[in-house]
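Colleague: only the shape, not the letters, is given here:
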């Protein structure tokens, strides 16, 4: 198998501490040519514009491969503590376990998708708008008006979750909520709903019954602000994939892939999207227009057996794709088998071609120091990994 050496572009220090701030792993967003390093803690959501502090030249030598955190001094490190970095802090309306969040491409607004409401907050902590909806706790049919109403209830701390995301141009918020909206009145039989919201004032412009019963969901943005992908997890019942189109007056929705594939990423042009099967056996590239499969690759056919696996371990013959990955360009995908590989030793990432000749494994990616976890593509030829301790994010290129 051929190998391609990854080049370290930059290491970004996480703005929050995983233990100190009860923070999740940092993420790097790439929207409309802008990058934001985003991390959510219990008390705040922090967004850092790392490109303002990004060095003109980089060198991997200042990163200590024996430590998850990059050296604080060196030409290839940046983050919230870097000179010149723009750091934006949004006070969180409820702790991290009670929902998800999204940040506008320009960093000027955050939306928190909580158990009972969507709330838009500016960096000063002012609530720009709020949309109340049904409670994500499946046993609760109360239309809450505040977080304080259920903060002491144990089951609400483990409620199902929806999600929200900004459109590529930052003018719309797409939100997957538990119905009904407060204006519709309580309805114990209401299904999940998908909304298109005007960022300026919180008006619900479009609204459809998602016809899902979500445990969780994730939006996958399309470069066209009027289009959006939505992947909904229903536990063992499947993974509905919805594609929405907003024409300025009506929200129309198509459902692709028979609830059997997880939506991972959209190509830079928006003409293609990447999926993996529910049980991680097969990657596929699809046509966005109709969801049809253009090419696919089964891990069993393409991924070599892990070199550190016990020769007598028959389970090691079956590789599984990670749920994360994406497009480096229109015809190149970066994907991982790290979750399964972790049982045997070093976690592996791969370059995969997806062109007119089909989908095939091109090369294994090698790194100058050990990396962990999955890989996330940024759509501009680069990708990132997060350190095992979650306190640094490494951006790579070929």
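Modeller: On my side now, so go ahead. All values reported here derive from a predicted model rather than from experimental measurement.
Colleague: tell me the pLDDT at residue 68?
Modeller: For residue 68, the pLDDT comes out at 39.
Colleague: same deal with residue 57?
Modeller: Reported pLDDT for residue 57: 31.
Colleague: quick thing: my sequence starts at 57, can you match it?
Modeller: From this message on, residue numbering opens at 57, which makes the last subject residue 113.
Colleague: what segments of this structure are helices?
Modeller: Assigned by DSSP state H, the chain shows helices spanning 355-358, 394-397.
Colleague: so which of those helices gets nearest residue 250?
Modeller: Closest approach to residue 250 among the helices of the chain is made by helix 394-397 (29.2 Å; Cβ to Cβ). C-beta here means a position set from N, CA and C on the backbone, and glycine is covered the same way.
Colleague: where does the chain have low pLDDT?
Modeller: Residue ranges of the chain with pLDDT under 70: 107-140, 241-246.
Colleague: give me that answer again for 50
Modeller: Residue ranges of the chain with pLDDT under 50: 108-134.
Colleague: biggest strand in it, by residue count?
Modeller: Identified as the longest strand of the chain according to DSSP state E is strand 414-422.
Colleague: hmm, back to that, of the helices of the chain, which is nearest residue 227?
Modeller: Using Cβ to Cβ, the nearest of these to residue 227 is helix 394-397, at 36.1 Å.
Colleague: neighbouring contacts of that closest one?
Modeller: Outside helix 394-397, the residues that touch it by Cβ atoms under 8 Å, 6 or more residues apart in numbering are 336, 362, 374-376, 378, 403-405, 428-431.
Colleague: which one is residue 339 nearest to, not counting chain neighbours?
Modeller: Distances taken as Cβ to Cβ, 6 or more residues apart in numbering put residue 353 closest to residue 339, at 4.9 Å, once the chain neighbours are dropped.
Colleague: touching, that neighbour and residue 417? I think so.
Modeller: Yes: if you go by Cβ atoms under 8 Å, residue 353 and residue 417 touch, sitting 6.9 Å apart.
Colleague: higher neighbour count, these two?
Modeller: Between residue 353 and residue 417, counted using other Cβ atoms under 10 Å, the more crowded position is residue 353 (24 against 19).
Colleague: picking that back up, mind putting the contacts of helix 394-397 into CSV with neighbour count and distance to residue 328?
Modeller: Putting those into CSV (neighbours: other Cβ atoms under 10 Å; distance: Cβ to Cβ, whole Å) gives the following:
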residue, neighbour count, distance to residue 328
336, 18, 20
362, 21, 29
374, 13, 27
375, 21, 23
376, 20, 23
378, 23, 19
403, 23, 26
404, 25, 24
405, 26, 20
428, 15, 28
429, 19, 25
430, 21, 20
431, 24, 18
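Colleague: and the furthest pair within the residues you listed?
Modeller: Pairwise across the contacts of helix 394-397, and taking Cβ to Cβ, the largest span is found between 374 and 428, at 21.4 Å.
Colleague: anything in contact with each of residue 353 and residue 417?
Modeller: residue 408.
Colleague: residue 372: how many residues sit nearby?
Modeller: By the criterion of other Cβ under 10 Å, residue 372 has 18 neighbours.
Colleague: check the gap between the most far-flung residue of the chain relative to its centre and residue 361 for me.
Modeller: No residue in the chain sits farther from the centre than residue 368, which is 36.8 Å out by Cα atoms, centre = their mean. Separation of residue 368 from residue 361 (Cβ to Cβ, to the nearest Å) stands at 12 Å.
Colleague: before we move on, what about residue 91?
Modeller: Here the criterion is Cβ to Cβ. By it, residue 91 lies 37 Å from residue 361.
Colleague: more neighbours: the two, which one.
Modeller: residue 91 (22 against 13).
Colleague: was I right about the more buried one contacting residue 104?
Modeller: No: taking contacts as Cβ under 8 Å, residue 91 lies outside contact range of residue 104: 9.3 Å.
Colleague: related to what we said a few turns ago, can you tell me the strand partners of the longest strand of the chain and which way each runs?
Modeller: Using DSSP bridges, the strands paired with strand 414-422 are strand 59-61 (parallel), strand 405-411 (antiparallel).
Colleague: out of these, which one sits most buried?
Modeller: strand 405-411 (a mean of 21; mean count of other Cβ atoms under 10 Å).
Colleague: how far does it sit from the chain's center?
Modeller: Its chain's average C-alpha position is 20 Å from that of strand 405-411, according to Cα atoms, centre = their mean, to the nearest Å.
Colleague: if we can go back for a sec, want to throw the strands paired with strand 414-422 into CSV with distance to residue 238?
Modeller: Putting the strands paired with strand 414-422 into CSV (distance: least, Cβ to Cβ, whole Å) gives the following:
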stretch, distance to residue 238
strand 59-61, 52
strand 405-411, 44
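Colleague: wait, which of the ones you listed is closest to residue 252?
Modeller: Smallest distance to residue 252 across the strands paired with strand 414-422 (Cβ to Cβ): 30.3 Å, for strand 405-411.
Colleague: ok, and what's touching the closest one?
Modeller: Looking at what lies outside strand 405-411 - Cβ under 8 Å, 6+ apart - the contacts are 60, 328, 339, 341, 350-351, 353, 358-359, 384, 387-394, 415-421, 427, 431, 441, 454.
Colleague: I figured residue 98 was touching residue 147, is that so?
Modeller: No: assessed by Cβ under 8 Å, residue 98 is found out of contact with residue 147, at 11.1 Å.
Colleague: residue 418 is in contact with residue 58, correct?
Modeller: Yes: counting by Cβ under 8 Å, residue 418 is a contact partner of residue 58 at 6.8 Å.
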